[in-house]
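Visitor: 3D model of this:
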Amino acid sequence: MCVRSATKGSNETRTFKCIGEGTSPITRLISRLVAPKAILVTVAVFSPGWRLSSNTKIFALFDEFNLNSRLDQLQPPLRHSMQALAYRRCSYRNQVKEFASEQLKLAMAERAYAEKGRQEAKREMEMAEIEFASAKRIKQQARTELERAQMLKDQSTKKLKSTIMQITCQACKNKFLTSMAMVPADKPRWL
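Guide: Numbering: from 1, shown residues only. Predicted coordinates for the structure are as follows:
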């Protein structure tokens, strides 16, 4: 492809050869004449590392027009683009590492919280078992005391019956029975 220029007021046309034609990743096209001694260059960009829009327009003066150096300035240097790509990859890698470390910290905190909850539940379970054993022991003691009280009641009833049988006086017997009737049957007299 060629670059053409024309001077206003003359029919003279100059042609400049494009350096690296066909091998460059940037296709260079001349769109139209802008002013005397100036051209408008339309650059269609096909480079993957290019940061400008697809059709970039650049003005160049004929007097200082060096197409090769101008177009080389337009192309991003390979070393810088590789460094930028490496920086982006490194930045992405660092972001992933930070995210992973945050997730790891969060998981460790959740694990510690769960372990603390497990320990608390285990301690409460042990306390409940101790209280249950204590309640069992108290129930057993109450049962033995109730059995002893029942036995004492039975013994006292036998003694009363034998005492009543021994009382021969009818008046004393009635007096004794009325005093016994005032005491409720559920509660022993000695309580």
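Visitor: give me the mean pLDDT for the host helix or strand of residue 97.
Guide: Residue 97 is located in helix 78-166, with elements delineated by DSSP states H and E. Taken as a whole, helix 78-166 has an average pLDDT of 88.
Visitor: distance of residue 179 from residue 173?
Guide: For residue 179, the distance to residue 173 (CB to CB, to the nearest Å) stands at 11 Å. Placement of C-beta: from N, CA and C, glycine included.
Visitor: and residue 176, how many neighbours?
Guide: Using other CB atoms under 10 Å, residue 176 has 15 other residues around it.
Visitor: do the same with residue 84
Guide: In terms of burial, residue 84 registers 13 neighbours under the definition other CB under 10 Å.
Visitor: how about the one 5 residues further on?
Guide: Applying other CB under 10 Å, we find 10 other residues in the vicinity of residue 89.
Visitor: sorry, back to before: can you give me the angle the very next helix or strand once past the helix holding residue 97 makes with helix 78-166?
Guide: Next in sequence after helix 78-166, counting helices and strands by DSSP H and E, comes helix 170-182. Using axes from the mean of the first three to the mean of the last three CA atoms, to 10 degrees, the direction of helix 170-182 lies 170 degrees away from that of helix 78-166.
Visitor: only alpha carbons, please: show helix 170-182 as PDB.
Guide: Presented in PDB, the C-alpha positions along helix 170-182 are these (Å, rounded to 0.1, in the frame of the first residue of the first chain):
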ATOM      1  CA  GLN A 170     -64.100 -48.100 127.400                       C
ATOM      2  CA  ALA A 171     -63.900 -44.300 128.200                       C
ATOM      3  CA  CYS A 172     -60.100 -44.300 127.800                       C
ATOM      4  CA  LYS A 173     -60.400 -46.300 124.600                       C
ATOM      5  CA  ASN A 174     -62.900 -43.700 123.100                       C
ATOM      6  CA  LYS A 175     -60.700 -40.800 124.200                       C
ATOM      7  CA  PHE A 176     -57.700 -42.500 122.500                       C
ATOM      8  CA  LEU A 177     -59.600 -43.100 119.300                       C
ATOM      9  CA  THR A 178     -60.800 -39.500 119.000                       C
ATOM     10  CA  SER A 179     -57.300 -38.200 119.400                       C
ATOM     11  CA  MET A 180     -56.200 -40.600 116.700                       C
ATOM     12  CA  ALA A 181     -59.000 -39.400 114.300                       C
ATOM     13  CA  MET A 182     -57.800 -35.800 114.500                       C
END
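Visitor: which other helices and strands does that helix contact?
Guide: Taking 3 or more CB pairs under 8 Å, 6 or more residues apart in numbering; DSSP states H and E as the contact definition, the neighbouring helices and strands of helix 170-182 are helix 78-166.
Visitor: by contact count, what packs against the helix it packs on?
Guide: For helix 78-166, the elements it packs on are helix 170-182, judged by 3+ CB pairs under 8 Å, 6+ apart.
Visitor: hmm, back to that, among residue 179 and residue 173, which residue is more densely surrounded?
Guide: Neighbours were counted for residue 179 and for residue 173 using other CB under 10 Å; residue 173 has more, 15 against 10.
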